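Enquirer: Following is a predicted model, sequence given first.
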Amino acid sequence: MDMLTYALGALSPDNLGLALLGVAAGIIIGALPGLSATMAVAVLVPVTFGMAPESALIMLGAIYTGAIYGGSYSAILVNTPGTPSAIATTFDGYPMAKRGDGDLAVTLSTIASMVGGMVGVLALLTLAPMLAQVALSFGSVEYFWLAIFGLTLISALSEGSTLKGFMGAGFGLLLSTVGVAVVGGDIRYTLGSQVLLGGIETVSALIGLYCIPVLIDLVATPESHLKVDEEQRGLRLREGLGHAWLGKFNLLRSATVGTGVAILPGAGGSIASLVSYSEARRASREPETFGKGNPQGILATEAANNATVGGGFIPTLVLGIPGTPPDAVILGALMVQGFRTGPELFTTNASITYTFVAGLFLATCLLLPLGLLIGRYAFKSIITIPKALLVPTIAFMTVIGTYAIRNSVSDVIIMLTLGVVGWLLNRYGFRPSPIVLGLILGPIAEQGFVQGFLMGRASGSYATTFFGGPISITIIALSVLSVVYPLIKERRDRHRAHHGGASPQETSS
Amino acid sequence: MRISLSIGLAAGAGLAFACGLTSTAAADAFPEKDVQYVIPFGPGGESDISARLQQKYFEEITGEQLVVQYMPGGGGAVGWSQLSDMSADGHTIMGSNLPHIILKPMGKEVGFQTDDLDNFYYFHYSPDAILVRQDSPYETLDDLIQAANEAPGAVTLSGSGTYSANDVANTRFQQLADVTTTYIPFKGTGAAVTALLGGQVQAEWGYTTVAANHQDKVRMLAVAAEERHPLFPDVPTFQELGYDMVGGAYRGMAVPEGTPDEAQQKLAEIFQQINETPGFRQEMQELGFVLMDVSLDEMDAFMAEQQRVYEAIAREAGLID
């Protein structure tokens, strides 16, 4: 088979070395808060111009894979997501690390990332042309409804008060309107200042909302950062595999969700991991343990975000429409290398395509040994590093990382301001996740709505435009279900409590 | 804001001073370090791809790297409004796009004026074109015009942004053909072509480059160039069809205000040299671009002419009073 020849080509010693290097570099860049996968790839694109096309592609894929995975380290060990894709990993990862299970959490993230990455790559290899058509059937209106569905996840993501969750999301939506509007070009809520003209960049808002409150709390509390166990427990791989086996359906579902979200251009890893997290929690028999250090939470988010790597390349390679921001950068590099998207993908371009896919596959496999190795080291250094060194290091990285996104001092000011606002809000029970969700989904919802509105006016019927398509109806139904389901469940539980005590499955583990 | 402004001023003043001291000595050694190339759009668009193509030749010619960065937002306004705060030593350049830099500040405050950009070189353009899917019932431009005549506003065309080249082209086309269409702005050319391929809209205002990228899935009805594009010899120009439309998206580069003239001159020479490289010419043409050379000496006249043309179009179209 031709395919195998290309795959073997990818396995040459040189390429293997580049893949190792790429994954390791990706993991480290991803682990640093503020340096995202997009940036890791963008910085290295010019380096690859000097290489043979195959090697360049393998290197880029490896960096991307590594960076998405590496984001989980700082999420777990410091409570600051290293990349946007790792937001949801903080929910259960950090509580686990806090109670002394940080090493297990890193191992779980490694296993989940590998499984998720595999599912994404397999989908890319086998179903790419078909799934690309699915991506095309999502238009403006579908994106609008998808964003609405995303907003219904707030009830699942807001610990404590749902009302505060919605208020947070409202704040996030409002923040997302700041700046120059894409549709219409109006300038909104800039208060006449240059700083706000560029709007609130999602990644810098995220760094502010998640990292700054953590830093303030680290400084404000006297006890050590993580609880340290005296005994050495190795990699805890067996224990991790046990959890993974228990959560095999969770892993598969999350990887599928990750792949599915990634084929929709514009969504990306942060949404994929948030959706799969809330689905894992909904499907769990003990949803109340999520957010308190449930290993299944990490499995869900990390499987999902690494599945977006392979999934995102489906529209990128087949249609020439980047699925996620790093894909856009890699597509640019591919075009410079002479690659053209379209039907020649598996014919004229087959050597490039298959080598690239084989490279992704290779990088995903390498996650396991490299991840366990680097993860172990990261864990050890984070628990031994004194706070006086940890805090300034992270603070420095957040500022550098924020500045580097758009080379903008304004973004740093916005990041710091939002950080302090986020810290204050946190004290009053407002969590950052609903705010971030509002900020990410706001533009998708707004553009989808306005474009749908214009299309509706052109077609003469707003109703058929917004409620006519089968995909729209399905998403609307899911949204309604997502809102109503907790109410039904609560009622059923209350009903059960009235008639014969707690239900048996509530108490089983 | 005051902080950022004062930092910016201090940095700018410092750099200007440093440049003043070193410019005579460094003139022939330029560039002495990596050059930051800021694209005021997201990655994957035409500005990005042409920059990526320039990148490798820049390194070959100068031995320094051309570092491509993105500052997306507001259809370019975000980047351009911050250009004047950037270091003016010639090692920071920014993509400059026509008609964006003329149309954006027209009639509203977007944080920059057209004159704020010191353009030093314009290197290519992509002619406007109307694209439809391969399976579209519109075989010719007349089919589309007829459909728009039968049901005013019912023909939808996607495009990139508001007050953009696409938006202006649509407005102008509506006047010339005396029809009413619905223009639907998307965030970038990539999103606009996705809407076309997905059947969300009936046609798209795009460029020859979009047709080159998606040759198997789309066809062009007409091209707003003076001559037929060599890649598409069968596609008529608007002028051939009786509509006086020539225009498109012109791309070049600008430096922050206060960048020394020698540095600008040197930059213009480097990019002109890239434009003359056969490899670069071929790569650009295969992607559907049309190369051009507007050097530093010709820039003022070129910009004045463009300003006149687009102001007239915008006035005609009612975008400004």
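Expert: Cool, got the structure.
Enquirer: what about the strands in chain B?
Expert: Remark: strands assigned in chain B by DSSP state E are B:35-39, B:66-70, B:92-98, B:118-133, B:156-160, B:182-186, B:203-207, B:218-223, B:248-255, B:290-294.
Enquirer: in the last one, what counts as buried?
Expert: Which is strand B:290-294. By neighbour count on 16 or more other Cβ atoms under 10 Å in any protein chain shown, the buried set for strand B:290-294 is B:290, B:294. In this view, the C-beta of every residue, glycine as well, is placed from N, C-alpha and C.
Enquirer: packing partners for that strand?
Expert: Other helices and strands packing on strand B:290-294, by 3 or more Cβ pairs under 8 Å, 6 or more residues apart in numbering or on different chains; DSSP states H and E, are strand B:118-133, helix B:261-276, helix B:278-286.
Enquirer: Could you list every helix and strand that the second one packs against?
Expert: The contact analysis (3+ Cβ pairs under 8 Å, 6+ apart) places helix B:261-276 against helix B:46-62, strand B:118-133, strand B:248-255, strand B:290-294, helix B:296-317.
Enquirer: hey, C-alpha coordinates of the third one in PDB?
Expert: Taking Å, rounded to 0.1, in the frame of the first residue of the first chain, the C-alpha atoms of strand B:248-255 are listed here in PDB:
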ATOM      1  CA  GLY B 248      -9.500  44.900  -6.000                       C
ATOM      2  CA  ALA B 249      -7.400  44.500  -2.900                       C
ATOM      3  CA  TYR B 250      -4.000  46.000  -3.100                       C
ATOM      4  CA  ARG B 251      -1.300  44.900  -0.700                       C
ATOM      5  CA  GLY B 252       1.800  46.600   0.500                       C
ATOM      6  CA  MET B 253       3.700  47.500   3.600                       C
ATOM      7  CA  ALA B 254       4.000  50.500   5.900                       C
ATOM      8  CA  VAL B 255       6.300  51.600   8.700                       C
END
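Enquirer: I'd like to know which elements that strand is packed against.
Expert: Contact partners of strand B:248-255 among helices and strands, from 3+ Cβ pairs under 8 Å, 6+ apart: helix B:46-62, strand B:92-98, strand B:118-133, helix B:261-276.
Enquirer: In terms of mean pLDDT, which of the ones you listed ranks lowest?
Expert: Mean pLDDT per stretch puts helix B:46-62 lowest among the helices and strands packed on strand B:248-255, at a mean of 88.
Enquirer: does it come close to chain A?
Expert: Yes: under the criterion of Cβ under 8 Å from any Cβ of the partner chain, helix B:46-62 makes contact with chain A via B:48-49, B:52-53, B:55-56, B:59.
Enquirer: Could you check the pLDDT of residue B:15?
Expert: Note for residue B:15: predicted pLDDT of 43.
Enquirer: ok, back up a step: now mean neighbour count too, for the helices and strands packed on strand B:248-255, in JSON lines please.
Expert: Converted to JSON lines, the helices and strands packed on strand B:248-255 look like this (neighbours: other Cβ atoms under 10 Å in any protein chain shown):
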{"stretch": "helix B:46-62", "mean neighbour count": "21"}
{"stretch": "strand B:92-98", "mean neighbour count": "25"}
{"stretch": "strand B:118-133", "mean neighbour count": "24"}
{"stretch": "helix B:261-276", "mean neighbour count": "19"}
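Enquirer: Would you format the helices and strands packed on strand B:290-294 as CSV with distance to residue A:184 included?
Expert: Listed next are the helices and strands packed on strand B:290-294 as CSV, based on distance: least, Cβ to Cβ, whole Å:
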stretch, distance to residue A:184
strand B:118-133, 21
helix B:261-276, 34
helix B:278-286, 33
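Enquirer: Helices along the stretch 351-500 of chain A, start to end?
Expert: Assigned by DSSP state H, counting those that start in this stretch, the stretch 351-500 of chain A shows helices spanning A:387-406, A:409-427, A:432-459, A:462-467, A:470-498.
Enquirer: which outside residues touch the second one?
Expert: Contacts made with helix A:409-427 from outside it, assessed by Cβ atoms under 8 Å, 6 or more residues apart in numbering or on different chains, are listed as A:168, A:194-198, A:200-201, A:204-205, A:207-213, A:215-217, A:398-399, A:402-403, A:405, A:432, A:435, B:1, B:3-4, B:7-8, B:82, B:85.
Enquirer: Pull out the buried positions in it.
Expert: Counting neighbours by 16+ other Cβ under 10 Å, one finds that the buried residues in helix A:409-427 are A:409-416, A:418-419, A:421-423, A:425-426.
Enquirer: which residues of the stretch 401-509 of chain A score low on pLDDT?
Expert: Residue ranges of the stretch 401-509 of chain A with pLDDT under 70: A:500-509.
Enquirer: hang on, residue A:293 in a strand?
Expert: No: with DSSP: H, G, I helix; E, B strand; the rest coil as the criterion, residue A:293 is located in coil rather than a strand.
Enquirer: Please list all residues in contact with it.
Expert: Shown in contact with residue A:293 (Cβ under 8 Å, 6+ apart): A:92, A:95-96, A:98-99, A:101.
Enquirer: of those, closest to chain B?
Expert: Nearest to chain B out of the contacts of residue A:293 is residue A:92 (Cβ to the nearest Cβ; 32.3 Å).
Enquirer: Leaving out sequence neighbours, find the closest residue to that closest one.
Expert: Among residues not flanking residue A:92 along the chain, residue A:297 sits closest, at 3.1 Å (Cβ to Cβ, 6 or more residues apart in numbering or on different chains).
Enquirer: next one: residue A:262
Expert: Closest residue to residue A:262 apart from its sequence neighbours, by Cβ to Cβ, 6+ apart: residue A:311 at 3.2 Å.
Enquirer: thought that neighbour was touching residue A:124?
Expert: Yes: shown here, residue A:311 and residue A:124 form a contact pair, counting by Cβ atoms under 8 Å, at 7.0 Å.
Enquirer: Settle it for me: which of these two has more neighbours?
Expert: Per other Cβ atoms under 10 Å in any protein chain shown, whichever of residue A:311 and residue A:124 has more neighbours is residue A:311, with 37 against 27.
Enquirer: Report the secondary structure element holding that one.
Expert: According to DSSP states H and E, residue A:311 maps onto helix A:295-319.
Enquirer: Tell me the secondary structure at the residue nearest to residue B:194 when sequence neighbours are not counted.
Expert: Nearest non-adjacent residue to residue B:194, counting by Cβ to Cβ, 6+ apart: residue A:321, 5.1 Å away. What three-state DSSP gives for residue A:321 is coil.
Enquirer: how many neighbours does residue A:321 have?
Expert: When counting by other Cβ under 10 Å, one arrives at 27 neighbours for residue A:321.
Enquirer: Surely it touches residue B:190?
Expert: Yes: the pair residue A:321 / residue B:190 is scored as a contact, 5.7 Å apart, by Cβ under 8 Å.
Enquirer: got any residues that touch both of these two?
Expert: Listed as contacting both residue A:321 and residue B:190 by Cβ under 8 Å, 6+ apart are residue A:265.
Enquirer: Quick test: name the residue nearest the centre of the chain.
Expert: The chain I'm using is chain A. Geometric centre of chain A, nearest residue: residue A:85, 2.1 Å, by Cα atoms, centre = their mean.
Enquirer: oops, chain B please
Expert: Nearest to chain B centroid, counting by Cα atoms, centre = their mean: residue B:97, 3.4 Å.
Enquirer: what's the closest non-adjacent residue to that one?
Expert: Excluding the flanking residues, the one nearest residue B:97 by Cβ to Cβ, 6+ apart is residue B:251, at 5.6 Å.
Enquirer: residues contacting that neighbour?
Expert: Shown in contact with residue B:251 (Cβ under 8 Å, 6+ apart): B:46-47, B:50, B:95-98, B:122-126.
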